[in-house]
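Asks: only geometry, no sequence info:
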Ligand code: 2BA
């Protein structure tokens, strides 16, 4: 069994969850915050048999759009210290960031 963690944009979350549910997958939604932009995003957790991983990734991919965001360099971490504070920088966010992990044990009691 695998556990998929997918970090998606808040605006894509409804459609991603709806499609996963329609396809028969159970999903848990966590409200999360990106460490770089310090903006809200959504983390979805999906437990699935190994052979369903590609199907789940395909659904997430098809419903997650990438977006350009202009952020003020003064609100981002020191990685941008070379950039003058207050200077706008453009970052591309998403589609989705996906991690797939092995599940040692799964029980519903
Ligand atoms: P944030 O950390 O807020 O990052 C938003 C976007 O800012 C990232 O989009 C990326 O384009 C840019 N970015 C992030 N860190 C950067 C850095 N050190 N220097 C320059 N640009 C940087 P995505 O890569 O699509 O990531 C979207 C969100 O997914 C992230 O929000 C974070 O919440 C999560 N994420 C991405 N990679 C991750 C990882 N390796 N581990 C855990 N969470 C991750």
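Replies: Structure received. Note that the structure is a prediction, hence the values are computed from the model and not measured.

Asks: Get me the contact residues on this structure for the ligand.
Replies: For the chain, the residues found near the ligand under the criterion C-beta under 6 Å from any ligand atom are 7, 34-37, 39, 41, 79, 91-94, 97. Every C-beta, even on glycine, is put in place using the N, C-alpha and C of the backbone.

Asks: Could you point out the longest strand of this protein?
Replies: With DSSP state E setting the assignment, residue counts place strand 40-48 as the longest strand in the chain.

Asks: Contacts for that strand next, please.
Replies: Contact with strand 40-48 is made by 1-10, 13, 16-17, 20, 25-34, 56, 60, 103, 106, as judged by C-beta atoms under 8 Å, 6 or more residues apart in numbering.

Asks: For it, which strands pair with it and how are they oriented?
Replies: Strand pairing for strand 40-48, determined by DSSP bridges: strand 2-8 (antiparallel), strand 28-33 (antiparallel).

Asks: ok now the longest one, how far from the chain's centre?
Replies: Think strand 2-8. 7 Å (C-alpha atoms, centre = their mean, to the nearest Å).

Asks: Just the buried positions in the helix or strand following it, please.
Replies: Per DSSP states H and E, strand 2-8 leads on to helix 10-22 as the next helix or strand towards the C-terminus. By neighbour count on 16 or more other C-beta atoms under 10 Å, the buried set for helix 10-22 is 12, 13, 16, 17, 20.

Asks: contacting residues for residue 66?
Replies: 92, 93, 94, 95.

Asks: The second one and residue 62, how far apart?
Replies: Relative to residue 62, residue 93 is positioned 17 Å away (criterion: C-beta to C-beta, to the nearest Å).

Asks: Might you calculate how far stretch 14-29 sits from the centre of the chain?
Replies: Distance, stretch centre to chain centre, for stretch 14-29: 14 Å (C-alpha atoms, centre = their mean).

Asks: before we move on, back to that, next SSE downstream of the longest strand of the chain?
Replies: Once strand 40-48 ends, the next helix or strand along the chain (criterion: DSSP H and E) is helix 53-63.

Asks: Give me the neighbour count for residue 53.
Replies: Residue 53 is flanked by 16 other residues according to other C-beta atoms under 10 Å.

Asks: ok, now which ones touch it?
Replies: Counting by C-beta under 8 Å, 6+ apart, residue 53 touches 2, 4, 100.
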